[in-house]
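> after the sequence you'll find the predicted model.
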There are 2 protein chains.
Amino acid sequence: MKKQNCLCKNISPEEMEDIKTHIPEDKTIQVMADFFKLFGDGTRLKILYYLSRHELCVADLALLVNMQQSAISHQLMLLRLHRLVKYRKESTTTYYSLDDEHINSIFKVALEHLQEQ
Amino acid sequence: MKKQNCLCKNISPEEMEDIKTHIPEDKTIQVMADFFKLFGDGTRLKILYYLSRHELCVADLALLVNMQQSAISHQLMLLRLHRLVKYRKESTTTYYSLDDEHINSIFKVALEHLQEQ
DNA sequence: TCAATATATGAACATATACTCATATAGGAG
DNA sequence: CTCCTATATGAGTATATGTTCATATATTGA
């Protein structure tokens, strides 16, 4: 690891090299970032919260979140693509529910961090 | 809870009302979203990974992440504002390190989700 | 004092994101 | 078949975000 002009005495080039070689691949990191990005929006958090309480149709979610049906549908599509929610159809109605038991664990850790302040 | 034209038989207006009254405040949800947003970017994830391995100065982080010093500084500022990293100054050098032991827990749960696919 | 180094910061810019509007699709009731 | 309802989807748009470039600040050494 060439430390061109950096004079930081804190760490050796060998340690730098070692740390660098152990980081996950860029692709893996991007997948992880995209996963967290899903939780980085208030509308999606609300949807996930409501679905954690009850299986719901799109219209009811729109009512609860207080947003247009189209907006909710778009977000549900995203959540579906990332396997955070699943759905079942009953004639023209689509019922959504959570598809991942890790969601609650993640919320829990986040709340722990936020309550520290 | 007025279910205007929705015919979904899945849930009663009373249950809807109950669920709606128990959701955290909008402000709380926004704080949570902003917290997760921090993990929703590859550059920041790399920074956090490297800092989880070793205290590092800005220049070394820039070298490791392979990005301009300015970009790293901007991201470190963000992470600092949200208390994910802390720093100490030694003459002109600024050494950064993790400021939250929950970060590793969060990574762990995320990996569990991603490995399910 | 002056030059060099490490970092921080503001402005500008390109891209990503979330929403709205309009419309398509598809099932059920009449 | 036709209308109505529930949902999905594409285009357009305003805002948010991440990066770069240029420059400011601050400390050290000559």
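Perfect, thanks for sending it. As the structure is a prediction and not an experimental result, all values here were calculated from the model.
> low-confidence ranges, chain A, go.
Counting by pLDDT under 70, the ranges of chain A that qualify are A:1-7, A:116-117.
> what about 80?
A:1-9, A:110-111, A:113-117 (pLDDT under 80).
> which stretches of chain A form strands?
Using DSSP state E, the strands of chain A run over residues A:56-57, A:85-90, A:93-98.
> dump these into a markdown table; add mean neighbour count and distance to chain B as well.
From N, CA and C alone the C-beta is placed, and that goes for glycine too. Formatted as a markdown table, the strands of chain A follow (neighbours: other CB atoms under 10 Å in any protein chain shown; distance: least, CB to the nearest CB, whole Å):
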| stretch | mean neighbour count | distance to chain B |
| --- | --- | --- |
| strand A:56-57 | 22 | 4 |
| strand A:85-90 | 14 | 9 |
| strand A:93-98 | 18 | 6 |
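> turn the ones you listed into JSON lines, including distance to A:Leu78.
Supplementary listing: the strands of chain A in JSON lines, determined by distance: least, CB to CB, whole Å:
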{"stretch": "strand A:56-57", "distance to A:Leu78": "17"}
{"stretch": "strand A:85-90", "distance to A:Leu78": "9"}
{"stretch": "strand A:93-98", "distance to A:Leu78": "12"}
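> which bits of chain A sit near DNA strand C?
Counting by CB under 7 Å from any atom of the strand, the positions of chain A adjacent to DNA strand C are A:5-8, A:37, A:40-44, A:67-68, A:70-71, A:74-75, A:78, A:91-92.
> buried ones only from those, please, as a PyMOL command.
Buried subset of these, written as a PyMOL selection, criterion 16 or more other CB atoms under 10 Å in any protein chain shown:
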select buried, chain A and resi 6+8+37+40+41+42+43+44+75+78
